[in-house]
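Undergrad: fold the following, please.
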Amino acid sequence: MGLLTNLRDSISRVTDGLFAADEPKRIGIYGPPNAGKTTLANRIARDWTGDAVGPESHIPHETRRARRKENVEIERNGRTVTIDIVDTPGVTTKVDYKEFLDHDMEKDDAVRRSREATEGVAEAMHWLREDVDGVIYVLDSTTDPFTQVNTMLIGIIESQDLPALILANKTDLPGSDVQQIANAFPQHETIPLSALEGDNMDEVYTKIAEYFG
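TA: Numbering: from 1, shown residues only. Predicted structure coming up:
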């Protein structure tokens with residue numbers, strides 16, 4: 001009986017592994033608030049499924065809960081890569097309700113939004129540590145990438161041994177400086193793009209297939 005049980009368990013582990021290999025990889029879209037993560041998620045989802053992932057806004061922390069778009073099939077160079085996109089809340093060290101008051105928001109709404117955003121940061125970190133198979137890290141190329149949050153997140157990604165693609169977003173804006181992002185994280189390849197305008201998305205899709213296929 002012991003031999004049969006061990007054989008059955010071995011077969012079960014093999015078949016489970018085969019089925020797991022066919023499952024889409026969960027790719028988390030990470031970065032600081034207002035880097036264009038949801039804009040990118042929507043661009044990818046619309047290009048390949050026709051649907052959006054979530055609402056976009058110029059107000060920080062519009063995304064306060066992780067949103068998932070499953071079974072996104074990306075075709076590149078004669079092959080198809082299937083991924084689940086996880087659009088995560090922007091990660092920051094502190095969410096102050098006062099920053100929302102600058103966007104004509106009532107105090108009660110600002111306090112609620114800051115609380116939800118703080119909870120969203122915790123959820124994003126949980127996804128990063130437990131539930132993603134790879135990371136697309138989005139940075140605003142018009143801002144300084146040398147921040148505590150970026151350094152911490154890139155360090156966690158590397159410690160988890162996750163494949164990571166760094167995107168320098170908002171190249172359509174004045175003051176965009178892709179090189180400063182490349183200099184900040186020279187151990188990773190940096191791809192420029194404008195998720196809003198769709199600039200250089202062909203290269204982005206090629207790299208997604210290469211990194212996560």
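Undergrad: so where is the protein shaky, pLDDT-wise?
TA: Where the chain drops to pLDDT under 70, the residues are 1-22, 54-65, 93-98, 100-101, 103, 110, 113-114, 117-118, 120-122.
Undergrad: 50 instead?
TA: Counting by pLDDT under 50, the chain has low-confidence residues at 7, 14-20.
Undergrad: tell me the SS of the residue minimising distance to the centre of the chain?
TA: Centre of the chain computed as the mean C-alpha position; nearest residue by Cα atoms, centre = their mean is Ile29, 0.4 Å away. Classification of Ile29 by DSSP: H, G, I helix; E, B strand; the rest coil places it in strand.
Undergrad: gap between it and Ile83?
TA: Here the criterion is Cβ to Cβ, to the nearest Å. By it, Ile29 lies 11 Å from Ile83. For glycine as for every other residue, the C-beta is placed from the backbone atoms N, C-alpha and C.
Undergrad: partner residues bridging the residue nearest to the centre of the chain?
TA: Beta bridges link Ile29 to Asp87, Ile136, judged by DSSP bridges.
Undergrad: ok, Glu73 to Glu210 distance?
TA: From Glu73 across to Glu210, the span is 16 Å (Cβ to Cβ).
Undergrad: of these two, which one has the most company?
TA: A count of neighbours by other Cβ atoms under 10 Å puts Glu210 above the other of Glu73 and Glu210, at 14 against 11.
Undergrad: please identify the buried residues of the strand or helix carrying that one?
TA: Assigned by DSSP states H and E, Glu210 belongs to helix 201-212. With burial defined by 16 or more other Cβ atoms under 10 Å, the residues of helix 201-212 counted as buried are Met201, Val204, Tyr205, Lys207, Ile208, Ala209, Tyr211, Phe212.
Undergrad: what helices or strands is it leaning on?
TA: Applying 3 or more Cβ pairs under 8 Å, 6 or more residues apart in numbering; DSSP states H and E, one finds that helix 201-212 contacts strand 25-30, helix 37-48, strand 67-76, strand 79-87, strand 134-140, strand 164-169, strand 190-192.
Undergrad: ok, residues contacting the second one?
TA: By Cβ atoms under 8 Å, 6 or more residues apart in numbering, the surrounding residues in contact with helix 37-48 are 29-31, 51-56, 62-63, 67, 69, 72-74, 85, 87-88, 90, 136, 138, 167, 169, 193, 195-196, 198, 201, 205, 208.
Undergrad: distance between that helix and the chain's centre?
TA: On the basis of Cα atoms, centre = their mean, to the nearest Å, helix 37-48 sits 11 Å off its chain's mean C-alpha point.
Undergrad: also the third one?
TA: Taking the mean of its C-alpha atoms, strand 67-76 sits 13 Å from the chain's own mean (Cα atoms, centre = their mean).
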